[in-house]
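*Asks:* Have a look; sequence and predicted model below, questions after that.
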Amino acid sequence: MNTTPELPTAAGTSAAVRPQEPGWPQGARCAVVVTIDVDGDLPFLALDPGHRDRLKSRSVGQYGPDHGAARLLRVLERLGVAASWFVPGAIAQQHPELVRSVLAGGHELACHGMHHLDFDGLDLDAQVAEMLDGARALREASGAQVRGLRTPSGEWKPGFPEAMAAAGFEWSSSLPGDDRPFPLGDSGVLELPFRYELEDLQYLGFNLDPPFPPGQSRIQSLDAVRDNWDIEFAAARRFGTVLILRLNAEIMGTPGRARLLEDFLSSILDSGEAWVATCGELAAHWAGQPVETDHPYRRFLDLAPLES
């Protein structure tokens, strides 16, 4: 197993000197959150409804709810780790037993839209409908009232965070805009940012024909993925930040990749330096932190009308 590397420090600087940390529970030096998207073949169909007859390509995504999610549940059970699962409403309707298994395992269920539609092609009303329909389907399949959201794909329109708040959502994990949580303006919704380098899709996602996701080729060495994640964990420990893994059941749920995840999470647990939490637990903890009134997201909201 790879060992977690220490990051180099500037000349003359002690490695023991670190920036001010936010005060994580249990005396931890950083926070770690495991998130899992169970999209099935919905992104492929959203890209082009004509893909409905491409059964070979659709099977790549269907592996997630059919096999990968159950394997990841077993990995997390062995480790005693609770994760946040983002499930589109259509997947919950097709696999109600899966969302019930997620909750029965002590995990958190969160909204990921209804049909995993690309928000870039939707107006605000359609985006809100995608969110509300997805949350309703999750509630009907599981009995759970979800409080968190990850946008399926693309950018949300102005006013969407306020619509999230009005619908009872308390947090989002949709923007790679920071290393720690931050408020989405005055909406009352907290953003829990992820980073693309901590996602499996960028390294390992692959469909042969048509190429999906765009930008082939992929299927990176698992050793390289593990090395990158180890470096990110070392940095999170050093700077007291949040490491949010964004995984996809169809990608990380294969036997070899599930072993990679189990080894990586085992090394985090063995370090004794991470508070491992769900998105909801992270949001609840951060609610007690001082509000950051000058976050760049707020400045973006102020500047956007002037740039249009």
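*Replies:* Nice, thanks for sending it over. Residues are numbered from 1 along each chain as shown.
*Asks:* So what's the residue count around residue 279?
*Replies:* 29 (other Cβ atoms under 10 Å). Using the backbone N, CA and C atoms, a C-beta is placed for each residue, glycine as well.
*Asks:* give me every residue that touches the closest residue to it other than its chain neighbours.
*Replies:* Nearest residue to residue 279 in three dimensions, chain neighbours excluded: residue 84, at 4.1 Å (Cβ to Cβ, 6 or more residues apart in numbering). Listed by Cβ atoms under 8 Å, 6 or more residues apart in numbering, the contact set of residue 84 reads 33-36, 107-108, 110, 148, 173, 278-280.
*Asks:* can you map out the strands along the stretch 201-308 of the chain?
*Replies:* Using DSSP state E, counting those that start in this stretch, the strands of the stretch 201-308 of the chain run over residues 242-248, 274-277.
*Asks:* Please identify the deepest-packed of those.
*Replies:* Each of the strands of the stretch 201-308 of the chain was scored by mean neighbour count; the highest is strand 242-248, a mean of 24, by mean count of other Cβ atoms under 10 Å.
*Asks:* so what does it touch, helix or strand wise?
*Replies:* For strand 242-248, the packing partners by 3 or more Cβ pairs under 8 Å, 6 or more residues apart in numbering; DSSP states H and E come out as strand 30-37, helix 222-239.
*Asks:* got any ranges where this protein has weak pLDDT?
*Replies:* Along the chain, segments meeting pLDDT under 70 span 1-22, 207-218, 290-294, 296-308.
*Asks:* gap between the residue positioned nearest the centre of it and residue 157?
*Replies:* In the chain, the centroid-proximal residue (Cα atoms, centre = their mean) is residue 246; its distance is 3.8 Å. Remark: distance between residue 246 and residue 157 (Cβ to Cβ, to the nearest Å) = 23 Å.
*Asks:* ok, now residue 86?
*Replies:* 20 Å.
*Asks:* Compare the helices and strands packed on strand 242-248 and give me the one nearest residue 79.
*Replies:* strand 30-37 (9.4 Å; Cβ to Cβ).
*Asks:* same for that closest one, what does it pack against?
*Replies:* helix 69-79, strand 84-87, helix 222-239, strand 242-248, helix 249-252, strand 274-277, helix 279-286.
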